[in-house]
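Chemist: Here's a sequence, model it:
(one chain, ligands or ions: 1)
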Amino acid sequence: MNGTGNPRSPLLEARGVTRVFGRGSGAVTALKGATLSVGQGRLIALKGRSGSGKTTLLNIMAALDSPTEGTVIYGDRDGSKMTDRQKNEMRRREIGLIFQSFALVPYMTAYENVDFGLRIAGIPAPERKKLAEEALAFVGLAGRMHHMPPELSGGEQQRTAIARAIAHKPALILADEPTAELDSRMGKQVMQVFRDLVRSEGIAIVMTTHDPHIMELVDDVYALEDGRIGSERSKEA
Ligand SMILES: Nc1ncnc2c1ncn2[C@@H]1O[C@H](COP(=O)(O)OP(=O)(O)OP(=O)(O)O)[C@@H](O)[C@H]1O
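Modeler: Take a look at the predicted model:
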């Protein structure tokens with residue numbers, strides 16, 4: 001997603017994204033012309049009540065789902081013109097995904113979980129050890145990396161999932177309610193890691209959240225209301 005190489009051009013732009021699930025009288029319009037621009041090194045929160053379309057938009061930005069109308073532009077590539085194979089490749093190499101439920105493999109250590117993510121991203125074995133150790137050190141888990149997820153706290157598990165999402169050095173992280181399962185102290189630890197990532201690595205992060213305290217800690221807040229992006233607050237770039 002290095003796009004045109006111009007740091008001022010957005011990393012990703014959702015343009016007029018509409019998503020309708022189902023047909024006829026049972027059809028549900030989850031998004032109605034949602035437009036959003038994601039710049040390099042921005043930490044963005046998407047808020048909105050349950051059912052407002054946050055997860056649908058995140059899935060479409062991750063190219064896991066396609067818009068019914070509109071498109072997503074990745075750097076200089078138009079998502080609507082990419083094949084499934086190109087989209088899969090882009091997701092594996094350029095995007096890191098983080099889920100509310102951490103989604104770690106329970107019988108692999110933190111290190112093995114991160115290594116597994118690198119294998120999926122197609123990183124050759126000789127490079128994986130250094131990248132996995134760097135990512136785990138970045139999230140503050142250098143001393144805990146050989147523990148299994150059930151031996152780690154919720155915050156440590158989510159930081160392992162973040163290490164897995166960043167180890168291949170993606171340009172963009174998409175996180176669906178990454179702090180929802182955590183108490184406020186652990187949620188703050190995760191947000192501190194996110195802040196460090198945007199500041200020192202220039203990664204862009206889009207996260208969904210319901211938590212007003214989290215909204216204070218991000219650069220931009222967008223509100224989804226009935227499938228449209230209704231309001232926003234931005235700090236100076
Ligand atoms: N695969 C699907 N098939 C049918 N309807 C769907 C599907 N996925 C989502 N929807 C509907 O689209 C709307 C938006 O759902 P979405 O999950 O994006 O909301 P959300 O804002 O993420 O909600 P929450 O905060 O509860 O996670 C909802 O009405 C939902 O029921």
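Chemist: ok, which stretches of the protein are helices?
Modeler: 54-61, 84-94, 110-120, 125-138, 154-166, 184-196, 212-215 (DSSP state H).
Chemist: ok, and which of the ones you listed has the densest surroundings?
Modeler: Greatest average neighbour count among the helices of the chain goes to helix 154-166 (a mean of 25), per mean count of other Cβ atoms under 10 Å. C-beta coordinates here come from the backbone N, C-alpha and C atoms, glycine included.
Chemist: residues near residue 233, how many?
Modeler: The local packing of residue 233 (other Cβ atoms under 10 Å) involves 12 other residues.
Chemist: Apart from its neighbours in sequence, what residue is nearest it?
Modeler: Leaving aside its chain neighbours, residue 233 sits nearest to residue 221 (4.6 Å; criterion: Cβ to Cβ, 6 or more residues apart in numbering).
Chemist: Run a quick neighbour tally on the one you found.
Modeler: The number of residues packed near residue 221 is 19, by other Cβ under 10 Å.
Chemist: Redo the helices of the chain as CSV? Include distance to the ligand and mean pLDDT.
Modeler: Putting these into CSV (distance: least, Cβ to the nearest ligand atom, whole Å; pLDDT from 0 to 100) gives the following:
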stretch, distance to the ligand, mean pLDDT
helix 54-61, 3, 95
helix 84-94, 18, 93
helix 110-120, 24, 95
helix 125-138, 27, 94
helix 154-166, 17, 92
helix 184-196, 16, 88
helix 212-215, 14, 86
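Chemist: Just send those helices back as JSON lines, with distance to residue 9 too.
Modeler: Formatted as JSON lines, those follow (distance: least, Cβ to Cβ, whole Å):
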{"stretch": "helix 54-61", "distance to residue 9": "17"}
{"stretch": "helix 84-94", "distance to residue 9": "15"}
{"stretch": "helix 110-120", "distance to residue 9": "28"}
{"stretch": "helix 125-138", "distance to residue 9": "27"}
{"stretch": "helix 154-166", "distance to residue 9": "22"}
{"stretch": "helix 184-196", "distance to residue 9": "23"}
{"stretch": "helix 212-215", "distance to residue 9": "27"}
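Chemist: tell me the contacts of the residue nearest to residue 233?
Modeler: 44-45, 47, 215, 232-234 (Cβ atoms under 8 Å, 6 or more residues apart in numbering).
Chemist: Check residue 217 too.
Modeler: Residues near residue 217 by Cβ under 8 Å, 6+ apart: 43, 188, 191, 195.
Chemist: Looking at the residues you listed, which is nearest residue 205?
Modeler: Nearest to residue 205 among the contacts of residue 217: residue 43, at 5.0 Å, using Cβ to Cβ.
Chemist: farthest residue from the center of this protein?
Modeler: residue 25 (33.1 Å; Cα atoms, centre = their mean).
Chemist: Now do the spatially most central residue of the chain, the pLDDT please.
Modeler: Centroid check for the chain by Cα atoms, centre = their mean gives residue 174 as the closest residue, at 1.0 Å. Looking at residue 174, its pLDDT reads 96.
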